[in-house]
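Trainee: Just a sequence and a predicted model for now, questions to come.
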Amino acid sequence: MVTLFTALADTVKVVSPVLGTALVGPLGGAVTSLLAGVFGGSSSNPEELIEKIANDPESYVKIKQVEAQLEQIKADRERKSLEDVEHAREHKGNSMMVGVMSLSIVWGFLVILGVIMFLPQEASDIDIIKIMIGYFAGCLTMVVRHWFGGV
């Protein structure tokens, strides 16, 4: 079955490299459904879609329409993500909690680093300390992105 979807991707790549690549990526199911909708086939039957694409004189135009739909879907997802960030920043208001949590994360990270550098560690404690460093490093990244920008 994988080879049939690869064959479908190869067929579509001739007209649209973007869609052909998307077919074998994480968006493959969505792109296949869009193609099936435009060409009137079944998204679960790539052989049928290949045949419909090959026999349709307007396949170039239809594939370009699907490409435009995919780009619109991507743009909508990006817009919604940015709106979510903007909404969160607007409704944060003058709450001190964001600052308190940010400082707690920074101090927690510094304390863990200090413990590693200045206190002797037992072999059994090293794994949990590594986990804590990873956790606090991820949280520290979020704090920096929040205060200094980024999405």
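Mentor: Perfect, I can see it now. What you are looking at is a predicted structure, and each value in this text was computed from that prediction instead of being measured.
Trainee: Sort out which residues of the helix or strand of the chain with the lowest mean pLDDT are buried, please.
Mentor: Using mean pLDDT, DSSP states H and E, helix 2-13 stands out as the lowest-scoring helix or strand of the chain, at a mean of 80. Residues of helix 2-13 classed as buried under the neighbour-count rule (16 or more other Cβ atoms under 10 Å) are Phe5, Leu8, Ala9, Thr11, Val12, Lys13. The way it works is simple: take the backbone N, C-alpha and C, and place the C-beta from them, glycine included.
Trainee: what does stretch 131-150 give?
Mentor: For stretch 131-150, the buried set under the neighbour-count rule, 16+ other Cβ under 10 Å, comprises Met132, Phe136, Cys139, Leu140, Val143, His146.
Trainee: Out of those residues, which sit inside helices?
Mentor: Using DSSP state H, Met132, Phe136, Cys139, Leu140, Val143, His146 are the members of these that sit in helices.
Trainee: wait, doesn't the third one sit right on Leu103?
Mentor: No: the criterion here is Cβ atoms under 8 Å, and Cys139 misses it with Leu103 at 11.8 Å.
Trainee: what residues do those two have in common as contacts?
Mentor: Shared contacts of Cys139 and Leu103 (Cβ atoms under 8 Å, 6 or more residues apart in numbering): none.
Trainee: So the residue of the chain positioned farthest from its centre: helix, strand or coil?
Mentor: The outermost residue of the chain relative to its centre, with distances by Cα atoms, centre = their mean, is Pro120 at 40.9 Å. Of the three states, Pro120 takes coil according to DSSP: H, G, I helix; E, B strand; the rest coil.
Trainee: got it, and Met101?
Mentor: helix.
Trainee: Repeat that for the one 3 residues further on.
Mentor: Using three-state DSSP, the three-state assignment for Ser104 comes out as helix.
Trainee: since we're on it, how many residues are nearby?
Mentor: By the other Cβ atoms under 10 Å criterion, the neighbourhood of Ser104 contains 12 residues.
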